[in-house]
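**Student:** have a look at this prediction, sequence included:
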Amino acid sequence: MSKIPTTVITGFLGAGKTTLIRHLLHNAKGRRLALIVNEFGDVGVDGALLRGCNDDACPEDDIVELANGCICCTVADDFLPTMLKLLDRANPPDHIIIETSGLALPKPLVKAFQWPEIRTRATVDGVVALIDADAVAAGRFATDEAALALARAADPSLDHDSPLEELYEDQLACADLVILNKADMVDADALTRIEGDIGKDIRSGVKIVRTDHGAIDAGVLLGLFAEAEEDIDARPSHHDGDPDHDHNDFDSFVVTGGEIAGVDALVQAMAPLIEAHDILRIKGMVAVAGRPARLLVQAVGPRIQHYFDRAWKAEESRLSQLVVIGQKGLDQAAIDSALRAAFA
Ligand SMILES: Nc1nc2c(ncn2[C@@H]2O[C@H](COP(=O)(O)OP(=O)(O)OP(=O)(O)O)[C@@H](O)[C@H]2O)c(=O)[nH]1
């Protein structure tokens, strides 16, 4: 029996993993893909985004959400049963894609493929690290010293050895392919510089590909034949031998309410909050008073994006839910009450 290839997509919060997977679904060239989406927090924004694309190429039933934060901590309870269910299907997928939560260390997940029940039936075709060129160019979780020096000057509290940077380096060190995404937002010189920096953190032979909105050919992304679970020891990690890893350094919570008064009110509430607190990511689905469509909200660092993705369905209640993810110690009460100012 041949093993089902699985691609693990890592990448820091907001790097563009969901966007890349949407592109892949639209360009799967006849491959039957199943997706395992590891949400951070229990509001399935990425799963909803993938399902919400209203396209035949999106395999509604083949999108499985893991909502327990970190795959590596819930391997036995959550990840393994989910994998086995996919593998046991009468008509199993041709390829499985795993979107990690954006705060996940890749290595423990790859290790899960060594479990006897999985090892004989699935293999890690490749670990893909998606890098947010815009964020790295701005010196956020960059190894680039010039950018980092600039960021340091702007922010004396920036810690070079922060878990953010370790996570970034771990994702690169485990990768079989690096995708430098958001290439549209950064000039050519900066891209070349970032590639040089990334080159120091990746294993030899690993290629870097530039993308805009994750637009990469399925033939480049899938079929790397890495069998990553077999050579896991060749992939260094800051957390080798460390059973207690770092996701405890992050906080996440959900702000839930009814309708918001308007899009501007929400943006006005969010922008100063992101600046004042250690917020890495805000995303969610929002009901806007008087509007039949659902508003998707995405903030990555200081950039806030929003668009109406589809009409609310009759059976859905018009609830607004925003997931806030940040460094440990977020002032949840202050953030919650400031966001609530936007509600109708
Ligand atoms: N300009 C630009 N924006 C992008 C690109 N790729 C993604 N984005 C935007 O960046 C935001 C985050 O993208 P997502 O695909 O949700 O990122 P993610 O990695 O899945 O995020 P998490 O799951 O929260 O970690 C969205 O607003 C995207 O529209 C790109 O190449 N260029």
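**Tutor:** That came in fine, so what should we check first? Numbers count the residues shown, from 1 in each chain.
**Student:** wait, what's in contact with the closest residue to M270 other than its chain neighbours?
**Tutor:** Nearest residue to M270 in three dimensions, chain neighbours excluded: I304, at 5.7 Å (CB to CB, 6 or more residues apart in numbering). Heads up, the C-betas are built off the backbone N, CA and C, glycines and all. By CB atoms under 8 Å, 6 or more residues apart in numbering, the contact list for I304 reads 267, 270-271, 274, 282, 297-298.
**Student:** what does the model give I304 for pLDDT?
**Tutor:** The score at I304 is 94. That number is its pLDDT.
**Student:** can you check A112 too?
**Tutor:** So A112 comes in at 89 (pLDDT).
**Student:** which phi and psi does M185 have?
**Tutor:** phi -100, psi 0 (degrees, to the nearest 10).
**Student:** my guess is it meets A135, correct?
**Tutor:** No. The criterion here is CB atoms under 8 Å, and M185 misses it with A135 at 9.4 Å.
**Student:** helix or strand right after the helix or strand of the chain with the lowest mean pLDDT?
**Tutor:** Lowest on mean pLDDT, DSSP states H and E among the helices and strands of the chain sits helix 145-154, with a mean of 59. The helix or strand immediately downstream of helix 145-154 is helix 163-173, counting by DSSP states H and E.
**Student:** check whether that next one contacts the ligand.
**Tutor:** No. Using CB under 6 Å from any ligand atom, we find that helix 163-173 stays clear of the ligand, coming within 11.5 Å at best.
**Student:** and that helix, what does it pack against?
**Tutor:** helix 106-112, strand 122-132, helix 188-201 (3 or more CB pairs under 8 Å, 6 or more residues apart in numbering; DSSP states H and E).
**Student:** buried sites along it?
**Tutor:** Residues of helix 163-173 classed as buried by neighbour count (16 or more other CB atoms under 10 Å): 163-173.
**Student:** tell me the contacts of the closest residue to F225 other than its chain neighbours?
**Tutor:** Nearest residue to F225, sequence neighbours excluded (CB to CB, 6+ apart): D125, at 6.4 Å. D125 makes contacts with 5-7, 95, 222-227, as judged by CB under 8 Å, 6+ apart.
**Student:** now a ChimeraX select for only the buried ones of these.
**Tutor:** Buried residues among these (16+ other CB under 10 Å), as a ChimeraX selection:
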select :5,6,7,95,222,224,226,227
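**Student:** which of the contacts of D125 sits closest to the ligand?
**Tutor:** Nearest to the ligand among the contacts of D125, counting by CB to the nearest ligand atom, is T7 at 14.6 Å.
**Student:** quick one: classify that closest one as helix, strand or coil.
**Tutor:** Secondary structure of T7, reduced to three states by DSSP: H, G, I helix; E, B strand; the rest coil: strand.
**Student:** with neighbour numbers in mind, choose between M185 and A135.
**Tutor:** Between M185 and A135, counting by other CB atoms under 10 Å, A135 is the more crowded of the two (24 against 16).
**Student:** so, low pLDDT: which residues of the chain?
**Tutor:** 1, 40-44, 52-60, 67-74, 76, 141-162, 242-248 (pLDDT under 70).
**Student:** just the helices in it please.
**Tutor:** Assigned by DSSP state H, the chain shows helices spanning 17-26, 45-51, 80-87, 106-112, 116-119, 133-137, 145-154, 163-173, 188-201, 218-221, 263-276, 332-340.
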